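Chemist: structure for the following, please:
(chains A and B)
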Amino acid sequence: MPKYVVTGGTDGQSGVEVDGKRYEPGDTVEIANPKKDWRVEAGYLKLASKVKPASPAKPVHKAGGKA
Amino acid sequence: MPTFVHGKGTKVYLDEFDLTPFFNSADVTLTNETAEVTSFADSSKVYLLGLADGTLSMSGMWSADTDGSDEELQAILGSASAANITVAEAAGTIGNRATIARCDEVNYSISNPVADVSTITADFQGTANSGALGSMTYGVTGGVQLTTGSSIDYNALGNLAGVDAPLAASSSAGGAGLLHVPTNSVGGGATTIKIQHDSASDFSSAADLISFTAVSAATKTSEMVVCSGTVNRYVRATASTAGSSGSITFMVTFARF
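Modeler: As a prediction, this is how the structure comes out:
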């Protein structure tokens, strides 16, 4: 089954429920029939392969201080 | 035969307070201005539809109780923050109608007759200028009740019944959800309350439509949240908590724009 990432919707806070289990924004979930799932078209779910992985955070150095 | 409801089943919530015990009348007026564009070429008057408007007028008994009618109606008169008001008709059944309002209190009157009970009257002007709320299409509008307004134990929270109303269809212009939490004894963690929507009546493909700010332990609150875009046919309220004791009473209403 294709894997989808929960986007959070327009407010970034919207989770979804799949097979009675809750998934929060950022979670990955397998969708059995994505063509019939309205949440894909509505933007709540995005194909995992099309989601860029988050780049690792760079350490912040302040002048005269420690990282 | 039409189904009629008795006015005695009405409940009134104002911000984080259930003021039902203090009011005995709640009037809602929705209007829409028209601008006349009649010309010599017309044989009857012609109008253009203009701006929508809404007002509330409520009356009842004066009370000096803490969180009572006088304290709360005094407090919001002249407040820079508009009040969240729900007038729930035939309250207590999920799916029944409600008036959802974002209002400024514009009049508060107290009457003290020598031979009768002291009474109050409060008038409210709906306002769509809701600041951080975003695009509030209407200040006063009709919606549905997504909770019964009854107390729920912390360990019994979950998905409440879905509502297929009032359209029996999806809509595309967003909406507004309104939360009132008049009593909350949940301890040990916050309570999360959301409105979900789905194209399926069994909510097998539910997604969150509106997420209210987490309700801190033992805290009373009220919040209106506006959403945009598609609202699917079925909506419901859902709640969960990180708390480990107590109960919470909350009223959630939702209106499509």
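
Chemist: any stretches of the chain with poor pLDDT?
Modeler: Using chain A here. A:53-67 (pLDDT under 70).

Chemist: correction: the question concerned chain B.
Modeler: Flagging of chain B using pLDDT under 70 yields the residue ranges B:129-136.

Chemist: OK, now which residue of it is nearest to chain A?
Modeler: Nearest to chain A, among the residues of chain B, is B:Asp208, at 3.7 Å (CB to the nearest CB). C-betas here are computed from N, CA, C, even on glycine.

Chemist: okay, and the beta partners of that residue?
Modeler: Taking DSSP bridges as the rule, B:Asp208 bridges to B:Gln196.

Chemist: contacting residues for it?
Modeler: A:9, A:13-16, B:194-196 (CB atoms under 8 Å, 6 or more residues apart in numbering or on different chains).

Chemist: equivalent analysis for B:Ile94, please.
Modeler: Contact partners of B:Ile94, counting by CB under 8 Å, 6+ apart, are B:145-148, B:160-161, B:163.

Chemist: could you do A:Val40 as well?
Modeler: A:4, A:31, A:34, A:46.

Chemist: out of these, which are inside strands?
Modeler: A:4, A:46 (DSSP state E).

Chemist: can I get the helix or strand containing B:Met224 in CSV? Just the C-alpha atoms.
Modeler: Using DSSP states H and E, B:Met224 falls within strand B:221-227. The C-alpha atoms that make up strand B:221-227 are tabulated as CSV, following Å, rounded to 0.1, in the frame of the first residue of the first chain:
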residue,chain,number,x,y,z
THR,B,221,-12.8,28.6,28.5
SER,B,222,-14.4,29.6,25.3
GLU,B,223,-13.1,29.9,21.8
MET,B,224,-14.3,30.4,18.3
VAL,B,225,-12.3,29.0,15.4
VAL,B,226,-12.9,29.8,11.7
CYS,B,227,-12.1,27.4,8.9
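
Chemist: that strand near chain A at all?
Modeler: Yes - counting by CB under 8 Å from any CB of the partner chain, chain A has neighbours in strand B:221-227: B:Cys227.

Chemist: direction included, what does that strand pair against?
Modeler: Here strand B:221-227 has these sheet partners by DSSP bridges: strand B:175-184 (antiparallel).

Chemist: so which bits of the partner strand are buried?
Modeler: For strand B:175-184, a neighbour-count test (16 or more other CB atoms under 10 Å in any protein chain shown) marks B:175-184 as buried.

Chemist: farthest-apart pair in the contacts of B:Ile94, please.
Modeler: Longest distance between any two of those is 12.2 Å, between B:Thr148 and B:Val163; criterion CB to CB.

Chemist: buried stuff in the strand holding B:Met224?
Modeler: Buried residues in strand B:221-227, counting neighbours by 16+ other CB under 10 Å, are found at B:221-227.

Chemist: after that strand, next one along is what?
Modeler: Where DSSP H and E defines the elements, the next helix or strand beyond strand B:221-227 is strand B:234-241.
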